[in-house]
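*Asks:* 3D model of this:
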Amino acid sequence: MRRLAAVVLTGVFTGAVVSGCATEESPGDPLQVAATLEPARPAVSPARSGEVPGAVAPVGRASSVAVAGGRVAVAVTDPPSVVLFPLDAPSSSPPVTVALPGPAERLVVAGEAVEAVVPAGAVVTVRPDGSSSSREVAGGPVDVLSVGGRTLVAQREARRVAVGDHAVTGISSPDRLVAAGDRVVVLDRPRSAVFDLDPSADRPGAGLRAGDGATNAVSDRFGRVFVVDTRGGELMAFSADPVLMRLRYPLPGAPYGMAYDADRDLLWVTLTERNEVVGFDVSGAEPVERHRHATVRQPDSVAVDPGSGRVFVASGDGQGLQVIG
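*Replies:* Numbering: from 1, shown residues only. Model (predicted):
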């Protein structure tokens, strides 16, 4: 497998660090070094030619995919819904479709169920049997996270992270929430920055630049937070409390979707510019490429089954759900 040179940073890092009290947008914002606050998006994938490995189940344009409760859940944008496939035979058994009040930005595993986060104003819990319940959430919800017995909701329009009746303010665009132990790291896509967040505080902690166009983040069992820079073509790793950059690894191809297999210490990243998914061994200080597969066109999201290690890639262009392994 091809290996690319990585820069591993231990205790020393590059980028601007600011306290949470200086996170509002302003000409003097040290985290805002790009010419625009337009968030990075997945690259438009080229047309596919030839076969892809694994089986492909038909499904509409997908915005997210997750594995929970013996099901593979795919959030579909038109019509807004969650499609539940049997985990053991997603390409050969009929799925169950659960309607949503609007397109879901993200699916989050919540025990045996998944929570569909709908920016139009709801978080919908979808259970393996196809039953569902919905709760209204104001402020443009885009992500949810349970940590330390508390539920956090990232509210993009309200520019805050709700923690029950409490709110952490001071982040212009809380787009992703990632747990790192009992701490939380928040990804701000327009700024391409990450922030340390204490759920009991009023404001976020330190912030750090994360490349030129960070889009997604996941954590591993070692407490590291991996972030992809879609514009800059990089994989980065951060620690929390305080937030420090530990790794910068070149990853060309517009990396976007991410999933982590804790049983195998494999980090899966989709490359939308190349219609590929790459699996990295992240058990050491430097990522080591172990797998690389061709995918369906526009592989915007990926999930992994921790039991079998099978990988599920969902197409944002309506080209189906690919099962690898």
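*Asks:* ok, Gly50 - contacts?
*Replies:* Each residue near Gly50 by C-beta atoms under 8 Å, 6 or more residues apart in numbering is listed here: Ala294. All C-beta spots, glycine's among them, are computed from the backbone N, C-alpha and C.
*Asks:* Work out for me the element it sits within.
*Replies:* Gly50 belongs to no helix or strand when elements are defined using DSSP states H and E.
*Asks:* same deal with Val186?
*Replies:* Counting by DSSP H and E, Val186 is part of strand 183-188.
*Asks:* Can you point out the buried residues in that strand?
*Replies:* By neighbour count on 16 or more other C-beta atoms under 10 Å, the buried set for strand 183-188 is Arg183, Val184, Val185, Val186, Leu187, Asp188.
*Asks:* With stretch 76-96 instead?
*Replies:* 76-77, 80-87, 90, 95-96.
*Asks:* now these as a markdown table including pLDDT, distance to Val178 and secondary structure?
*Replies:* Below are the buried residues of stretch 76-96 laid out as a markdown table (pLDDT from 0 to 100; distance: C-beta to C-beta, whole Å; DSSP: H, G, I helix; E, B strand; the rest coil):
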| residue | pLDDT | distance to Val178 | secondary structure |
| --- | --- | --- | --- |
| Val76 | 98 | 25 | strand |
| Thr77 | 98 | 24 | strand |
| Pro80 | 98 | 25 | strand |
| Ser81 | 98 | 26 | strand |
| Val82 | 98 | 22 | strand |
| Val83 | 98 | 26 | strand |
| Leu84 | 98 | 25 | strand |
| Phe85 | 97 | 26 | strand |
| Pro86 | 96 | 29 | strand |
| Leu87 | 95 | 25 | coil |
| Pro90 | 88 | 27 | coil |
| Pro95 | 96 | 29 | coil |
| Val96 | 97 | 29 | strand |
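*Asks:* okay, now the residue lying closest to Pro299 once chain neighbours are set aside: neighbour count?
*Replies:* Distances taken as C-beta to C-beta, 6 or more residues apart in numbering put Thr270 closest to Pro299, at 4.1 Å, once the chain neighbours are dropped. Neighbours of Thr270 under the rule other C-beta atoms under 10 Å: 31.
*Asks:* Okay, and the beta partners of Thr270?
*Replies:* For Thr270, the beta-bridge partners are Val277 (DSSP bridges).
*Asks:* and it, what does it touch?
*Replies:* 255-258, 276-278, 295, 299-302, 313.
*Asks:* rerun that using 10 Å as the cut-off
*Replies:* Residues counted as contacts of Thr270 (C-beta atoms under 10 Å, 6 or more residues apart in numbering) are 42, 45, 216, 228, 253-259, 276-278, 295, 298-302, 311, 313-314, 316.
*Asks:* Ala162 contacts Arg156, correct?
*Replies:* No - between Ala162 and Arg156 there is no contact under C-beta atoms under 10 Å: 11.6 Å.
*Asks:* shared neighbours of those two, anything?
*Replies:* Common neighbours of Ala162 and Arg156 (C-beta under 10 Å, 6+ apart) are Gly139, Pro141, Pro174.
*Asks:* Apart from its chain neighbours, what residue comes closest to the last one?
*Replies:* Read it as Pro174. Ala154 (4.1 Å).
*Asks:* That neighbour reaches Val144, doesn't it?
*Replies:* Yes - in this structure Ala154 lies within contact range of Val144 using C-beta under 10 Å: 7.4 Å.
*Asks:* quick one, which of the two is more surrounded?
*Replies:* Ala154 (29 against 19).
*Asks:* Can you name the next helix or strand after the least confident helix or strand in the chain by mean pLDDT?
*Replies:* Within the chain, confidence by mean pLDDT, DSSP states H and E is lowest for strand 17-18 among all helices and strands, at a mean of 48. Next in sequence after strand 17-18, counting helices and strands by DSSP H and E, comes strand 55-57.
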